[in-house]
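Colleague: need coordinates for the below:
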Amino acid sequence: MKMFLIIYDVVFEEEVMEVMAKCCVPGYTKWERVLGKGKRSDPKLDNAVWPGYNSAMLVAVETESEELFYSSLCNLCERLGHKSLKVFSWASERVI
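Modeller: Numbers count the residues shown, from 1 in each chain. The predicted model follows:
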């Protein structure tokens, strides 16, 4: 099983949810109004100087679905021009 942390511009909420549905991901944890700055992005601080904000999702994906989910996120990232979407993944060793 792998964990995926997906951080994305709230404008692309629908596209991210379409990937989740396409890959039959049954559950996730979501944080709204996530503020910050990426290595290659402008700050998103939801204020007059740096408008906008992100959302973040934490998703546990079963081993048999990992590759489809990852490749679907890669395709979305390409469609967005490698902006407004960042994905981190790591092995999930134990679940209670």
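Colleague: show me the strands in this structure, by range?
Modeller: 2-9, 29-34, 54-61, 85-91 (DSSP state E).
Colleague: tabulate those (CSV), appending distance to residue 47 and mean neighbour count.
Modeller: Bear in mind the C-beta positions are built from the backbone N, C-alpha and C, glycine included. As requested, those are exported to CSV (distance: least, C-beta to C-beta, whole Å; neighbours: other C-beta atoms under 10 Å):
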stretch, distance to residue 47, mean neighbour count
strand 2-9, 16, 18
strand 29-34, 12, 12
strand 54-61, 14, 19
strand 85-91, 21, 14
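Colleague: need those strands in JSON lines (columns: mean pLDDT).
Modeller: Formatted as JSON lines, the strands of the chain follow (pLDDT from 0 to 100):
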{"stretch": "strand 2-9", "mean pLDDT": "96"}
{"stretch": "strand 29-34", "mean pLDDT": "97"}
{"stretch": "strand 54-61", "mean pLDDT": "97"}
{"stretch": "strand 85-91", "mean pLDDT": "95"}
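Colleague: need the longest helix for this structure.
Modeller: The longest helix of the chain (DSSP state H) is helix 66-79.
Colleague: list the contacts of it.
Modeller: 1-2, 4, 6, 12, 15-16, 19, 22-23, 25, 59, 61, 85, 87, 89 (C-beta atoms under 8 Å, 6 or more residues apart in numbering).
Colleague: got the angle between it and strand 85-91?
Modeller: With axes from the mean of the first three to the mean of the last three C-alpha atoms, to 10 degrees as the basis, helix 66-79 and strand 85-91 are set at 160 degrees to each other.
Colleague: tell me which of the contacts of helix 66-79 is nearest to residue 95?
Modeller: residue 1 (6.9 Å; C-beta to C-beta).
Colleague: separation between that closest one and residue 59?
Modeller: From residue 1 across to residue 59, the span is 11 Å (C-beta to C-beta, to the nearest Å).
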